[in-house]
Each structure stands twice: as structure tokens, then as C-alpha cells.
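Colleague: model the following, please.
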Amino acid sequence: MNKVKQKLAAREVVTMFNPDYPSPRLLEYVAAFGLDVAFIDAERQSYDFERIEEMARAARAAGITSVARPWMNDPGLITRYLDCGVGGIKVPHVEDAKTARAMLDVVRYARPKDYADKIVVIMVETPAAIANIGEIAEVPGVDVINIGTNDVAAAAGHPGEPEHPKVAALVDDAIARILKGGKTVGLNVMTNWEKRMPYFYGKGVRWFNVHVNTFITRGANQYKDLLKQSSK
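Modeller: Next up, the predicted model:
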């Protein structure tokens with residue numbers, strides 16, 4: 001069984017990091033810190049198929065797996081990503097169980113011999129999707145349901161406010177229903193780690209998404225603060 005799937009089955013934390021740059025070397029370097037999954041985000045970044053293949057190969061060389069997100073839920077696109085060697089697919093803009101099942105069918109079609117080893121992450125990004133989340137959680141083959149808190153906030157009328165009380169209530173409700181359906185909950189943790197990670201861990205979240213840019217920003221700011229203190 002895929003090592004990540006073993007961790008999910010054991011209810012252990014899985015960390016997926018976004019390298020933020022299409023660099024296989026950077027991916028390998030960050031993977032050495034003990035993170036679990038490299039996120040190849042082709043919805044938001046400039047990946048072509050050849051670079052996706054190179055990133056997936058770098059992840060395997062580093063002893064971790066990779067998950068790619070397409071810019072649209074096209075069966076041919078998902079098939080090509082899987083043929084590039086990625087370890088899983090993160091499917092954006094899933095609003096209902098019917099769409100989730102269709103995406104699972106694509107993975108099974110593309111990888112008839114090893115589809116059970118591929119990680120399938122379903123993204124819910126609107127209040128409407130959260131309303132259907134119980135049915136989505138019942139779809140066989142879905143490993144993780146990732147709640148896009150920033151997208152939910154924007155769709156709920158509170159852009160840039162993922163901690164708004166109404167958004168927080170939606171997210172907490174979604175977490176509870178995902179867990180009730182027996183699936184792993186995924187969330188982005190981009191800021192305020194010290195507060196948000198313990199909170200969501202306590203709620204049952206076991207899949208956390210982080211950005212290399214966040215690592216760089218926090219380290220650079222810490223360095224600048226230390227420099228200011230030293231020069232006083």
C-alpha cells in the first residue's frame with residue numbers, strides 16, 4: 001500500500017507541501033525535511049506536462065509521493081497527469097457526489113492496474129459544496145476531502161476572511177460531516193500556524209497543506225527581526 005495511504009489509515013498526520021516553483025531540485029530539498037507529499041499545482045502555476053513528469057520523478061527520488069491539481073476537471077488532462085507518473089490527483093471545484101464519482105472513474109480508467117494506490121483528493125470550495133459534503137464523503141475511493149477555506153470565505157461573501165465566524169462555522173460543520181463519512185479532512189495552513197494547526201488537529205484534521213513560500217517568508221522575517229534586535 002502507498003505509504004501515505006498507510007498513514008491516513010492509521011489516522012496519522014500527512015503534510016502536503018507546495019514547492020511554489022517548478023523546480024525538481026527544490027522539491028527534493030524540501031522533501032528531506034520529512035514531509036509526505038509534493039503538490040504540483042497546475043491550476044495556479046506554469047507547469048507543462050514535461051515539467052510535471054520531472055517533478056513527479058523528483059518526488060519519487062526523494063522517497064515521497066506527488067499529487068497534481070489540473071486547471072480543469074477534464075478526463076484527458078487527468079489521464080495525462082497520471083501517465084506523467086504523479087502519485088495522485090487533487091480535483092478542484094467539486095460540488096456534488098456525482099462529480100466526485102466521475103473523477104474516480106477517470107482515475108480507474110487511466111490506471112486500471114494500480115488505481116487503488118493513487119491518492120484522490122476532492123476539493124470543496126463553496127457553501128453549496130459543503131451542503132453536499134455528506135454525500136461526497138460516501139463516495140468510495142476518495143481519500144481526502146480538502147476544504148478550501150479561502151474559497152469558501154469568498155463564496156460566502158467574506159473574501160480574505162477565512163476566520164470570519166460564519167466561515168468558521170461552515171468549516172467546522174464540514175469537518176464533522178467528512179469525519180462522519182469516514183474520510184480524511186484536508187486544510188491549507190498558510191498563516192497563524194501556532195493557533196490554527198492545534199485547533200484543526202483537535203477537530204480531527206489529519207491532512208495539512210503548506211507552502212514553501214510561507215517557509216521562506218517566515219524565515220526571512222525572523223532573520224530581519226533578529227538583525228534589527230542585534231543592531232540596537
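
Colleague: quick check: phi and psi at residue 11.
Modeller: Here the main-chain torsion angles of residue 11 (degrees, to the nearest 10) amount to phi 60, psi 30.

Colleague: number of nearby residues for it?
Modeller: Residues near residue 11, counting by other CB atoms under 10 Å, number 9. All C-beta spots, glycine's among them, are computed from the backbone N, C-alpha and C.

Colleague: residue 146 too?
Modeller: For residue 146, the neighbour count with other CB under 10 Å is 24.

Colleague: three-state assignment of the nearest residue to it once chain neighbours are set aside?
Modeller: For residue 146, ignoring the flanking residues on the chain, the nearest one in space by CB to CB, 6 or more residues apart in numbering is residue 186 at 3.6 Å. Reduced to three states with DSSP: H, G, I helix; E, B strand; the rest coil, the structure at residue 186 is strand.

Colleague: what about residue 186, how many residues nearby?
Modeller: Residue neighbour count, defined by other CB under 10 Å, stands at 24 for residue 186.

Colleague: now residue 116
Modeller: A count of neighbours around residue 116, defined by other CB under 10 Å, yields 12.

Colleague: could you look up the SS state of residue 40?
Modeller: The three-state label given to residue 40 by three-state DSSP is strand.

Colleague: for residue 120, what are its contacts?
Modeller: Remark: with contacts taken as CB atoms under 8 Å, 6 or more residues apart in numbering, residue 120 is in contact with 88, 89, 91, 103, 104, 107, 141, 142, 143, 144.

Colleague: and for residue 213?
Modeller: Listed by CB under 8 Å, 6+ apart, the contact partners of residue 213 are 18, 20.

Colleague: helix or strand: which one has it?
Modeller: Using DSSP states H and E, the element containing residue 213 is helix 212-230.

Colleague: grab the nearest non-local neighbour of the residue sitting nearest the centre point of the chain.
Modeller: Nearest to the centroid of the C-alpha atoms of the chain, with distances taken as CA atoms, centre = their mean, sits residue 209, at 5.3 Å. Once its chain neighbours are removed from consideration, residue 209 has its nearest residue in residue 188; the separation is 4.5 Å (CB to CB, 6+ apart).

Colleague: and the one you found, how many neighbours does it have?
Modeller: The burial count assigned to residue 188 is 20, neighbours taken as other CB under 10 Å.

Colleague: and if you look at residue 41?
Modeller: 19.

Colleague: contacts only, for it.
Modeller: When contacts are counted by CB under 8 Å, 6+ apart, residue 41 touches 18, 47, 68, 69.
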